[in-house]
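Asks: no letters, just coordinates:
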């Protein structure tokens with residue numbers, strides 16, 4: 001993959017991870033949702049953040 005494509009994918013993944021992380025923080029206060037919704041959302045957000053950083057910083061093709 002090209003350098004710009006890796007950076008773009010990384011930035012998109014990091015942007016999506018922010019929404020998952022914020023959702024995981026606010027889902028805990030909603031009583032109608034299952035208890036596993038907030039931790040799963042936080043875990044998915046952290047995974048996407050790590051993968052986004054890897055795509056944006058580590059996988060540079062020079």
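Replies: Perfect, thanks for sending it. Worth saying up front: this structure is predicted, and the values here are computed from it rather than measured.
Asks: how far does the longest helix seen in the chain sit from the chain's center?
Replies: Secondary structure of the chain read by DSSP state H shows that its longest helix is helix 3-27. The chain centroid and the centroid of helix 3-27 are separated by 4 Å under C-alpha atoms, centre = their mean, to the nearest Å.
Asks: for it, packing partners?
Replies: Applying 3 or more C-beta pairs under 8 Å, 6 or more residues apart in numbering; DSSP states H and E, we find helix 3-27 packed against helix 37-53. Backbone N, C-alpha and C define where each C-beta goes, glycine included.
Asks: same for the helix it packs on, what does it pack against?
Replies: Under the contact definition 3+ C-beta pairs under 8 Å, 6+ apart, helix 37-53 sits against helix 3-27.
Asks: how about the longest helix of the chain: buried residues?
Replies: Buried residues in helix 3-27, defined by neighbour count with 16 or more other C-beta atoms under 10 Å: 6-7, 9-10, 13-14, 17, 20-21, 24, 27.
Asks: right, and residue 11 touches residue 56 too?
Replies: Yes. With contacts defined as C-beta atoms under 8 Å, residue 11 counts as touching residue 56 at a distance of 6.2 Å.
Asks: tell me the pLDDT at the residue nearest the centre of the chain?
Replies: Closest to where the C-alpha atoms of the chain average out (C-alpha atoms, centre = their mean) is residue 17, at 2.3 Å. The pLDDT attached to residue 17 in the predicted structure is 95.
Asks: what does residue 60 give?
Replies: Each residue has a pLDDT score; the one for residue 60 is 65.
Asks: ok, now residue 28?
Replies: The score at residue 28 is 70. That number is its pLDDT.
Asks: report the spatially nearest residue to it, omitting neighbours in sequence.
Replies: Counting by C-beta to C-beta, 6 or more residues apart in numbering, residue 28 lies nearest to residue 38, which is 4.3 Å off, once chain neighbours are set aside.
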